Every structure is written in structure tokens, then in C-alpha cells.
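[1] Fold the following for me, if possible:
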Amino acid sequence: MFLSILSSVNKVKCCTRFLSYVQGQAPPDRSDVREYFYYIDSFGQLFLDDTRFKNFTSCYKDPKFLHFFFTRLQANSHNDRPYFAVFPYVSLCGRERNFVRCADVPFVLTRFFDESDRFELCHIPAAILSVQFEPKKLYVKADTGRIYYPIADKFHTGIALIKDAIAERLSSHLIYDDKSDGVPTGIEWKGKIHQLKKDDRIEKAVYEHSRFEFCE
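    Model prediction:
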């Protein structure tokens, strides 16, 4: 599936963080395997990593492709290759290895449906895949202020970043107290107050997978 979509892509040599690769290259020991390299931005948009201008016009949009790609995302275990640190994830499709790096976490909640309290995930239409919103499960990372939310265990990281536009709306409902040290203690949502309880599993997943850092 990936191979047919990428068949028209020129194999242009690219360098990411001093790492050189060629889209569609074969590893030295597997001439039958092809390797591709992707990037996911903080808006949940998926690009070929060497795309020069990363914006809405150049990202992948086909729902079936996105669903296929993201549901197969896993940890990059090919640590015999030089891509383990730069591309920590891989999405496998037959003989294709699709290495992935991201601006933060690979999964992003990209749209919110107020009438049903559900999220869209990674620009995959809600009719195909959606995530139920439970206010008490929000997690705010103290050092960045970014908001994350747990997703099903079938998704490798178990957590997703909430896109900025949605996070801004949710932030206006957060509740703080004098002892919270800048971390919200609850959220008022549709007339009800929900306490945000510390969840060690979610916190561990965020600190393990989040790659966002403020630039000095």
C-alpha cells in the first residue's frame, strides 16, 4: 500500500540531523526491503521527512492511508541501523519500513466534536476512528503547559497531544488553586466540575514519549 503511493516520489538524498538517507533505500542486508522516512508535526500532519515545505497542501490526507499508517505505528526496534535515535518509531507494511520522527508525540487529537464529546485522531475521520473525551483524564505537562490525553493501548504511546486550538479552548475551563503550583486541579465542563487526579501511567507515557522542548 505504502509502496504504491510512494512509487512516484523521487529518491532525493536527504540529511536529517546529520543523518543521510535516500527515500526508498534498501538496508545493506535486505535488498528486498525498502525504507521510507516520515515526520509528524504538532498539528498531527504526516509528511515525507524530506518534504521541503511542510504545510496542509503537502501532508498526507487520504483517510485509509492515515488509518493504516497510524494503527501500525510501533517502537523502532531496528537499532542495528543508525535511525534509532532520530526516528524512534516505525510503521511496517510488508517489506516496507516507514521510519517516523515527530515534533512531540506521534499521535495528535486534531478535532473536537462538541455535540458528542469526541476527538478526531490524526486527521482520521471520526466515522473511521474517534476518541471519547472524559474531562478528568486530561493531563497538563507542567514544564510546557501542553495538554495530553490517554488513548487506547493499541496505539503504541498510549497518549496523544491535544492540538493547540483545542487545548486553548479546554484551558479556559481549567481550575487552579493556590497550592497547585501552576498545575490545574480540575476542569469545569458543561456545568460539572471534574477533578484532575494524578495518573502515574499517563504521566510516565508523556515523559517517555513527548519530545517537545521550548527553544531558547
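
[2] Which strand or helix spans residue 167?
    Taking DSSP states H and E as the criterion, residue 167 maps to helix 164-171.

[3] Could you export that helix as PDB, keeping only the C-alpha atoms?
    Written as PDB, here are the backbone C-alpha positions of helix 164-171 (Å, rounded to 0.1, in the frame of the first residue of the first chain):
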ATOM      1  CA  ASP A 164      -3.200  23.800  20.300                       C
ATOM      2  CA  ALA A 165      -6.500  25.200  19.100                       C
ATOM      3  CA  ILE A 166      -8.400  22.600  21.100                       C
ATOM      4  CA  ALA A 167      -6.100  22.900  24.100                       C
ATOM      5  CA  GLU A 168      -6.700  26.700  24.200                       C
ATOM      6  CA  ARG A 169     -10.400  26.100  24.500                       C
ATOM      7  CA  LEU A 170     -10.000  23.500  27.200                       C
ATOM      8  CA  SER A 171      -7.600  25.700  29.100                       C
END
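
[4] what's the nearest residue to residue 177 once chain neighbours are set aside in contact with, if anything?
    Nearest residue to residue 177 in three dimensions, chain neighbours excluded: residue 185, at 5.5 Å (C-beta to C-beta, 6 or more residues apart in numbering). The C-beta positions use only the backbone N, C-alpha and C, and glycine is treated the same way. By C-beta atoms under 8 Å, 6 or more residues apart in numbering, the residues touching residue 185 are 175, 176, 177, 195, 196.

[5] For this structure, identify the residue most remote from the centre.
    residue 178 (33.0 Å; C-alpha atoms, centre = their mean).
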